[in-house]
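Enquirer: Have a look; sequence and predicted model below, questions after that.
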Amino acid sequence: MIIVLLSIVTLLVVMVFNFKLRLRRRRKVKIPTIIASSPEVAFEIMKTHDLAFCSKPTNVVLMKFFYNGLDISFSKYGEHSNMKRVASFRSVREGEVHVFIQSIRCSCMFSDDGQCNRTKLHDLVIETVELMGGFSIGDFFPSLGWLSVITGFKGKLEMNFKRMDEFFEREIEEHYLSLMTVQGHDDQEDDFLDVLLKLQKDSTNLGFSLTRDHIKAILMDISLARTDTSVATIEYAMKELMRYSLIMKKRQDVVRGVIRNKGKVEECDLQQLQYLKLVINETLRLHCIVPLLLPRERTKECNVLGYDISKNTMVLVNAWAIARDPKFWENPKVLMLERFQGSAINYKDQHFEFILFCADRRICPGMQLGVIAVEIALANILYHFNWELLIEMCYKEIDMANTFGLVLIKICHYSFKQDRQIF
Ligand code: HEM
């Protein structure tokens with residue numbers, strides 16, 4: 001009798017425990033998600049409630065790639081990611097401007113046969129961006145996360161992360177060795193990683209200890225946030241200029257008129273090439289490079305324009321749709337450089353119809369650097385080469401397809417020839 005009673009009690013305890021567990025799990029069955037597609041809602045999220053919405057949600061993919069949130073882009077807002085921390089990397093960014101501009105000057109973006117010439121690392125970075133922006137059912141329905149094993153997504157993720165991690169490890173080791181062995185290392189020649197390693201060695205001023213995982217997470221950030229966005233912007237700008245060859249010719253004449261026989265366009269020349277800014281503005285508006293910006297997470301319940309937003313809701317801001325909204329832009333799908341001429345609208349201030357770099361406290365810290373890099377690259381491309389489509393192609397054949405990911409990257413299907421090198 002006692003045994004039967006004990007069995008019944010045990011059974012009841014197990015049932016109650018199971019029920020509680022299920023209830024707890026049920027709360028995580030789905031993640032409510034809202035998409036803001038108008039400047040008014042974007043304003044509410046990024047201005048009125050900016051502090052409440054400035055944390056980034058974590059998911060399996062991001063936690064994996066950013067070493068459990070040790071990076072800048074996807075870290076929670078607070079100790080790790082406030083402006084103080086971003087500012088503490090000023091020396092890193094300053095060092096990087098020098099190296100980045102140098103590498104653009106020296107690099108050849110396109111091979112002689114006119115085909116895009118991407119390195120293996122670039123392909124790896126593109127794959128990573130696709131994986132990050134790709135649809136993983138577990139991000140929206142955590143209880144179905146196991147499906148990613150069956151679809152092969154998890155395997156691909158692990159493989160890609162391993163390759164990126166190995167690459168970073170190799171680079172860190174090489175840089176570390178070179179810093180240790182080279183006598184009288186010139187600070188001027190430091191690249192981004194050198195500066196990070198030096199910061200790590202003397203991290204007392206940072207207020208936190210900079211671990212190897214921090215460094216790899218920041219390298220991941222920079223590889224994705226910097227390289228891809230800038231390269232994508234240059235590719236789209238070139239594509240638009242190819243489509244509107246008359247505009248290309250005019251821009252080329254202006255650049256060559258200003259630079260003459262100097263041999264290269266330098267940062268100090270950009271002041272005289274203001275029209276190039278219009279090309280970049282229109283390119284960024286038409287091809288919003290990070291179309292949904294970075295996802296945000298509501299950390300407390302709140303009310304936005306009369307709607308209750310529950311805690312942990314994911315918020316996506318559709319900057320792409322906003323930048324093509326006919327309510328704010330005349331002929332939004334057409335490249336019209338003059339729309340920015342004399343216009344007060346810009347991406348730096350809080351113009352919520354044009355929020356390509358975001359507009360709250362998580363605004364892209366590399367915005368200026370990115371735009372300058374794009375300007376310099378474009379100006380040099382126009383200065384040095386004549387570009388035209390292959391004779392058998394017409395502009396309609398220029399492929400507009402993008403990869404599906406966090407960053408919109410043009411799939412490089414079109415080919416064109418560099419007519420001749422000018423200087
Ligand atoms: C044309 C070039 C670029 C574009 C279009 C671009 C765009 C963006 C966008 C849309 C965000 C997301 C902001 C958000 O929603 O929270 C972002 C974040 C970020 N970008 Fe850029 N970016 C560019 C260049 C760069 C460069 C050159 C760097 C670094 C050197 C950089 C570093 C970052 C970082 C670290 C973040 C995360 C900021 C945070 O969450 O606190 N970006 N960028």
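Expert: Alright, I've got the coordinates. Residues are numbered from 1 along each chain as shown.
Enquirer: Now this structure against the ligand: closest residue?
Expert: Using Cβ to the nearest ligand atom, the closest approach of the chain to the ligand is made by residue 366 at 2.0 Å. The way it works is simple: take the backbone N, C-alpha and C, and place the C-beta from them, glycine included.
Enquirer: Run a quick neighbour tally on that residue.
Expert: For residue 366, the neighbour count with other Cβ atoms under 10 Å is 20.
Enquirer: now do residue 148
Expert: By other Cβ under 10 Å, the residues close to residue 148 number 19.
Enquirer: got it, and residue 212?
Expert: By the criterion of other Cβ under 10 Å, residue 212 has 15 neighbours.
Enquirer: before we move on, back to that, confidence score at the residue of the chain closest to the ligand?
Expert: We note a pLDDT of 83 for residue 366 in this prediction.
Enquirer: was I right about it contacting residue 228?
Expert: No - in this structure, residue 366 is not within contact of residue 228 by Cβ atoms under 8 Å, at 11.6 Å.
Enquirer: Check which helices and strands the helix or strand hosting residue 230 is in contact with.
Expert: For residue 230, the host element (DSSP states H and E) is helix 229-243. When contacts are defined as 3 or more Cβ pairs under 8 Å, 6 or more residues apart in numbering; DSSP states H and E, helix 229-243 packs onto helix 245-259, helix 274-286, helix 367-384, strand 385-389.
Enquirer: now do 7 Å
Expert: On a contact count with 3 or more Cβ pairs under 7 Å, 6 or more residues apart in numbering; DSSP states H and E, helix 229-243 meets helix 245-259, helix 274-286, helix 367-384.
Enquirer: Let me have the ones you listed in CSV, extended by mean neighbour count.
Expert: As requested, these are arranged in CSV below (neighbours: other Cβ atoms under 10 Å):
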stretch, mean neighbour count
helix 245-259, 16
helix 274-286, 20
helix 367-384, 21
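Enquirer: Make TSV out of those and add distance to residue 191.
Expert: Formatted as TSV, these follow (distance: least, Cβ to Cβ, whole Å):
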stretch	distance to residue 191
helix 245-259	28
helix 274-286	26
helix 367-384	15
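Enquirer: returning to that earlier point: isn't the residue of the chain closest to the ligand right next to residue 225, touching?
Expert: Yes - taking Cβ atoms under 7 Å as the definition, residue 366 is a contact partner of residue 225 at 6.3 Å.
Enquirer: how deep is residue 127 tucked in, by neighbour count?
Expert: Neighbourhood size, residue 127 [other Cβ under 10 Å]: 18.
Enquirer: How about the contacts made by it?
Expert: Taking Cβ atoms under 7 Å, 6 or more residues apart in numbering, we find residue 127 in contact with residue 160.
Enquirer: Same question for residue 318.
Expert: Residue 318 neighbours (Cβ under 7 Å, 6+ apart): 35-37, 292.
Enquirer: where exactly do the helices run in the stretch 51-200 of the chain?
Expert: Secondary structure of the stretch 51-200 of the chain by DSSP state H, counting those that start in this stretch: the helices cover 60-65, 83-88, 90-106, 120-133, 137-140, 147-151, 153-181, 192-201.
Enquirer: possible to save those helices as CSV with mean pLDDT?
Expert: Putting these into CSV (pLDDT from 0 to 100) gives the following:
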stretch, mean pLDDT
helix 60-65, 76
helix 83-88, 48
helix 90-106, 49
helix 120-133, 77
helix 137-140, 74
helix 147-151, 83
helix 153-181, 90
helix 192-201, 86
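Enquirer: Distance to the ligand added to those, as TSV?
Expert: Converted to TSV, the helices of the stretch 51-200 of the chain look like this (distance: least, Cβ to the nearest ligand atom, whole Å):
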stretch	distance to the ligand
helix 60-65	12
helix 83-88	6
helix 90-106	6
helix 120-133	12
helix 137-140	17
helix 147-151	25
helix 153-181	16
helix 192-201	8
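Enquirer: what does stretch 345-354 contact?
Expert: With Cβ under 7 Å, 6+ apart as the criterion, stretch 345-354 contacts 39, 42-43, 47, 284-285, 322-323, 325, 328, 356-357, 359.
Enquirer: Of the helices and strands packed on helix 229-243, give the one that comes closest to residue 306.
Expert: Across the helices and strands packed on helix 229-243, residue 306 has its closest neighbour in helix 274-286 (29.9 Å, Cβ to Cβ).
Enquirer: Near the ligand, which residues of this protein are found?
Expert: By Cβ under 6 Å from any ligand atom, the residues of the chain that approach the ligand are 72-73, 81, 96, 221-222, 225-226, 229-230, 233, 289-290, 293-294, 356-358, 362, 364-366, 369-371, 374.
Enquirer: do that again at 5 Å, thanks
Expert: Contact residues, the chain versus the ligand (Cβ under 5 Å from any ligand atom): 72-73, 221, 225-226, 229-230, 233, 289-290, 293-294, 357-358, 362, 364, 366, 369-370.
Enquirer: is it true that residue 367 touches residue 356?
Expert: No - at 8.8 Å, residue 367 does not count as touching residue 356 under the criterion of Cβ under 7 Å.
Enquirer: buried ones in stretch 316-328?
Expert: For stretch 316-328, a neighbour-count test (16 or more other Cβ atoms under 10 Å) marks 316-323, 328 as buried.
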